[in-house]
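>>> Whatever this is, show me its structure:
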Amino acid sequence: MNRRIACRLAAAGCVAAAVALPAGCNILGPAGYFLVGPEATPAVFRLDPEKTAVIFVDDRANQIPTRATREIIGRVAEEDMLANGAVKDMVQSRRVQTVIAAERSGRPLGIVEVGQAVQARTVVYAVVERFLLSEDGQTYAPLASLRVKVIDVDSDTRVFPAADAGDEYYNLVIRVPVQTGSPPTTSAGLSTAYQDLARWTGRALGRMFYDASNEIRDSSRLSK
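Numbering: from 1, shown residues only. Below you'll find the predicted structure:
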């Protein structure tokens with residue numbers, strides 16, 4: 001489970017109404033903004049390293065084309081967090097999807113219930129809002145957006161964002177640098193592109209929870 005990621009990439013995260021900034025910037029704001037650059041980025045939030053955690057990628061709106069692609073997000077995030085010492089132990093995120101698949105119709109399980117079902121004490125809950133290869137249908141510029149919060153299962157409380165924060169969720173948007181050519185159209189090409197975006201997304205999610213150094217851009221070299 002704690003397989004070290006072979007190489008790292010630069011994950012981009014920004015507020016939804018993103019403004020074009022020069023490449024090489026490295027900004028961390030209220031909603032988070034990561035671009036490749038010479039500086040390190042501090043953790044957005046530090047988990048209790050002694051509490052077993054799990055990534056819950058909630059895509060009930062079916063923004064991601066396949067379950068296998070969705071599972072990449074959780075797997076890359078958990079491997080990255082373990083490799084960088086964000087926590088000491090994590091439940092595999094695919095176990096969450098097994099629990100969700102068994103939900104009774106009309107009654108989705110609560111976040112704490114899901115955590116209890118997989119025996120995790122901390123749940124990193126990420127709702128998928130967008131997962132696109134192109135916003136305009138022509139430019140090959142993958143984009144994903146998540147709403148993230150952290151729930152302590154033992155106390156049934158939200159620990160991030162803080163209870164007194166203005167927003168219930170932390171908005172994380174992953175903008176991959178514009179790719180050469182148009183978005184793929186073949187089944188194989190689409191599958192590869194979506195899986196690459198999932199790796200970028202998992203990387204961006206994972207690095208919220210540890211101090212990250214400068215990264216490389218090649219998503220194809222992430223754990224698959």
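
>>> can you list the weak-confidence ranges in the protein?
Within the chain, the stretches with pLDDT under 70 are 1-39, 103-106, 214-224.

>>> for it, longest helix please?
Longest helix in the chain, counting residues (DSSP state H): helix 187-206.

>>> so how far is that one off the chain centroid?
Distance of helix 187-206 from its chain centroid, counting by Cα atoms, centre = their mean, to the nearest Å, is 11 Å.

>>> Would you mark the buried spots in that helix?
Across helix 187-206, burial judged by 16 or more other Cβ atoms under 10 Å covers 193-206. For the C-beta atoms, the positions are set from N, CA and C on the backbone; glycine is no exception.

>>> need those in CSV with distance to residue 77, can you?
CSV is the format used below for the buried residues of helix 187-206 (distance: Cβ to Cβ, whole Å):
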residue, distance to residue 77
193, 19
194, 16
195, 14
196, 15
197, 14
198, 10
199, 10
200, 11
201, 8
202, 4
203, 7
204, 8
205, 4
206, 4
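
>>> just curious, which of those is nearest to residue 158?
Ranked by distance to residue 158 (Cβ to Cβ), those are led by residue 205 at 17.0 Å.

>>> Identify the residue nearest the closest one in space, chain neighbours excluded?
Distances taken as Cβ to Cβ, 6 or more residues apart in numbering put residue 77 closest to residue 205, at 4.4 Å, once the chain neighbours are dropped.

>>> What ranges does the chain have for its helices?
According to DSSP H, the helices that the chain contains are 67-83, 94-101, 111-117, 187-206.

>>> The shortest one packs against which elements?
So the one you mean is helix 111-117. strand 53-58, helix 94-101, strand 122-132, strand 143-152 (3 or more Cβ pairs under 8 Å, 6 or more residues apart in numbering; DSSP states H and E).

>>> okay, now residue 141: neighbour count?
16 (other Cβ atoms under 10 Å).

>>> on that earlier part again, now the helices of the chain in CSV, with distance to residue 181?
As requested, these are exported to CSV (distance: least, Cβ to Cβ, whole Å):
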stretch, distance to residue 181
helix 67-83, 21
helix 94-101, 33
helix 111-117, 40
helix 187-206, 10
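
>>> which one of those helices lies closest to residue 180?
Using Cβ to Cβ, the helices of the chain put helix 187-206 closest to residue 180, at 12.2 Å.

>>> So which elements touch that closest one?
The helices and strands touching helix 187-206, judged by 3+ Cβ pairs under 8 Å, 6+ apart, are helix 67-83, strand 122-132, strand 143-152, strand 170-175.
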